[in-house]
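Participant: predicted structure and sequence below. I'll ask about it afterward.
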Amino acid sequence: MKAIVHNKYGSPDVLELLEIDKPVAKDDEVLVRVHAASVHPDVWHVVTGLPYVLRLMGSGVLAPKDRIPGTDMAGKVESIGKKVTQFRPGDEVFGETHLALQWRNGGAFAEYVVAPEDALALKPRNVSFEQAAAVPASGFIALQALRHEGQLEAGQKVLINGAGGGVGSIALQLAKAYGAHVTGVDDTEKLDMLRALGADEVIDYTRDDFTRRAERYDLIVDIPGNHSFADCRRALTPYGKYVLVGHDHFGKLGHRVLGSLPRFLKLMAMSLFVHQLPKMRLPLPTKKASIAVLKQFLEAGTLTPVIDRTYALAQVPEAIRYLREGRARGKIVVTM
Ligand SMILES: NC(=O)c1ccc[n+]([C@@H]2O[C@H](COP(=O)([O-])OP(=O)(O)OC[C@H]3O[C@@H](n4cnc5c(N)ncnc54)[C@H](OP(=O)(O)O)[C@@H]3O)[C@@H](O)[C@H]2O)c1
């Protein structure tokens, strides 16, 4: 099969399109003929090997352990492992290729990939492979931020900082579907898109600072993390919650060793004393449960993935360079 192969950490130029053997599904895995896969910031992190800590978290210390990048995909089941019960050959599916962490290559930028059955769901008929591939990891993060950490309820006022990006454009639609009043913050060019996705109010971050306005929110989901918690707290109701998704802005913050981890650890420690910071709640939602919820929203039409551009498999390096420019509205998708 054709696949994008990643033999050493570096710029997207290190990636090569090669002919390699098809993977084989283990007992609890499904072999999928990939039709579309999405490009998200964690793909950039693993290709570059930055921050360095990810290399110790399973990605491979000196070189990538798994050779094919990409974690989110949609396609058709080619064959199934002996213990697989939920899918049959010919089913159209979407999901992730890992059950756990995103910070490693997942094999999706290839004509075929294996994935655990519990990380997949049947693709709704009303969405394309491209749209379905755009949802899994971003949707998982959005759901976790809104419901698990943010404890969002109908009627609450939510602000999504960075609402025009991969995670934000899904979080905005999910928050509306859960009955919230949603304010989306992003740059001037993305505001029409936020309105079209259902935002009740929009704020242009190039002109206005939401932490300095009179408005108060029950939940702030902060994707770019460009304000401190102390600043965001001014915009929270007394029992409001602040959830940081965080963004390393493709190395531009210069945190090459630990990335945003120290900031998360500090917030976790503060959450013991500050009720506006969510406490670590276990267990985390499973990917199986999350992908099932996302499927329902797609089927209901309350979630419509926004695709900025599509690229061919051979153009993955170009797609990652475009992602790094930070201009995409919604998601970037690779089609096979
Ligand atoms: N998407 C995924 O599938 C995925 C998977 C795993 C982890 N994550 C993590 O989730 C985080 C977010 O990913 P993403 O895909 O949503 O990133 P993204 O597509 O780059 O979105 C970030 C958004 O924030 C906006 N932004 C930048 N500066 C801002 C500011 N000062 N105020 C308000 N908005 C601002 C950006 O707009 P402009 O750049 O146009 O200003 C962009 O619309 C990353 O840390 C990523 O590692 C994402």
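Facilitator: That came through fine.

Participant: bridge partners for residue 309, pull those for me.
Facilitator: Here residue 309 shows beta-bridge partners residue 332, assigned using DSSP bridges.

Participant: I'd guessed it sits against residue 322; true?
Facilitator: Yes: counting by C-beta atoms under 8 Å, residue 322 is a contact partner of residue 309 at 6.6 Å. Placement of C-beta: from N, CA and C, glycine included.

Participant: what touches both of the two?
Facilitator: Common contact partners of residue 309 and residue 322 (C-beta atoms under 8 Å, 6 or more residues apart in numbering): 328, 332.

Participant: surely residue 16 forms part of a helix?
Facilitator: No: assessed by DSSP: H, G, I helix; E, B strand; the rest coil, residue 16 does not belong to a helix; its assignment is strand.

Participant: how many other residues sit next to it?
Facilitator: Neighbours of residue 16 under the rule other C-beta atoms under 10 Å: 13.

Participant: relative to residue 6, how far out is it?
Facilitator: Remark: distance between residue 16 and residue 6 (C-beta to C-beta, to the nearest Å) = 8 Å.

Participant: quick one: the residue in the chain that the ligand sits nearest to and residue 240, what's the gap?
Facilitator: Relative to the ligand, the nearest point of the chain is residue 165 (1.8 Å; C-beta to the nearest ligand atom). Separation of residue 165 from residue 240 (C-beta to C-beta): 22 Å.

Participant: go on, residue 53?
Facilitator: Counting by C-beta to C-beta - residue 53 and residue 240 are separated by 31 Å.

Participant: and this protein, which residues reach the ligand?
Facilitator: 40-42, 102, 137-138, 141, 161-162, 164-168, 185-187, 190, 205, 223-224, 226, 245-247, 326-328 (C-beta under 6 Å from any ligand atom).

Participant: inside helices: which ones of the residues you listed?
Facilitator: Among the residues of the chain next to the ligand, DSSP state H puts 41-42, 137-138, 141, 166-168 in helices.

Participant: among those, which pair sits farthest apart?
Facilitator: 42 and 168 (15.5 Å; C-beta to C-beta).

Participant: quick check: residue 112 touching residue 76?
Facilitator: No: the pair residue 112 / residue 76 is not scored as a contact, 10.3 Å apart, by C-beta under 8 Å.
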